[in-house]
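1. Let's see this in three dimensions:
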Amino acid sequence: MSIRERLDISAYLVIGPENCTCPVEEVVAAAVDEGFTCVQIRSKVSAAREMISILDKSARAIRELGKSDSVALLVDDRLDVVLAAREFGIKVDGVHVGQSDIPVEVCRKFLGADSIVGLSANTQELITAADVSQIDYFGVGALHATSTKTDAEKTLSFDEIAAIKKISPIPVVVGGGVKLKDIPALVATGVQGFFVVSAVAGAANPRLAARELVTAWRKI
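-> Alright, predicted model coming up:
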């Protein structure tokens, strides 16, 4: 079974070097060890070579935990980085793109049938317009205003998220300023998962923060 077939977006970490004060791979290792199921490397400041290095170290951290076959490692936007990393033998499982990024059909063409392609969509109209044969999940948000996603046009209520989930034919993961206290209400919307940046990467104790989020999601 491919990583695409077993994709689990229930606890999804988005992280880049600008989000944390310690090496990215250390936060990735802590989060995955505490139960995070998907990791996306996202950076608006890193050059391609730096991102490849971060992917190499993050992939190694996931592998050393014995979770390479169950925890997906993705890249935000940079299809070129994914392809280059794979040339170096780095296990990168796919890409996440926004509405104005490289089209999903192009990502699918270059990455192949076993790779993961995620798409950002924050309205019911975007959900219904998307070609879901090319993608594996929708990333929806922002739940709250957040400094890590300054281009988010608006925030979504839990009712709006529930409505999006209801019409989506594929899994939905929600993020954008998600905090521990939001988890019960997110679970109630029926979405398949949450994604966080600052709640883990910016925490004083990333391991503890990851543990608390995963525990809250799983116990409800």
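2. Sketch out the helices for this protein, chain order is fine.
-> For the chain, the helices defined by DSSP state H cover 24-33, 48-64, 79-87, 104-111, 124-129, 158-167, 183-189, 198-201, 206-219.
3. which residues are contacting the third one?
-> Where contact means CB atoms under 8 Å, 6 or more residues apart in numbering, the residues beyond helix 79-87 that reach it are 48, 51-52, 55-56, 75, 92, 94-95, 97, 102, 106-107, 110-111. For every residue, glycine as well, the C-beta is placed using N, CA and C.
4. One more pass at 7 Å, please.
-> Defining contact as CB atoms under 7 Å, 6 or more residues apart in numbering, one finds that helix 79-87 is touched by 48, 51, 52, 55, 75, 92, 95, 102, 107, 110, 111.
5. These into TSV, with extra columns for neighbour count and pLDDT?
-> Putting these into TSV (neighbours: other CB atoms under 10 Å; pLDDT from 0 to 100) gives the following:
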residue	neighbour count	pLDDT
48	12	97
51	24	98
52	23	98
55	27	98
75	26	98
92	25	98
95	28	98
102	16	97
107	24	98
110	13	98
111	20	98
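6. ok, and the closest non-adjacent residue to residue 31?
-> Counting by CB to CB, 6 or more residues apart in numbering, the nearest residue to residue 31 once its immediate chain neighbours are dropped is residue 210, at 4.2 Å.
7. gap between that neighbour and residue 29?
-> When CB to CB, to the nearest Å is the yardstick, residue 210 and residue 29 sit 10 Å from each other.
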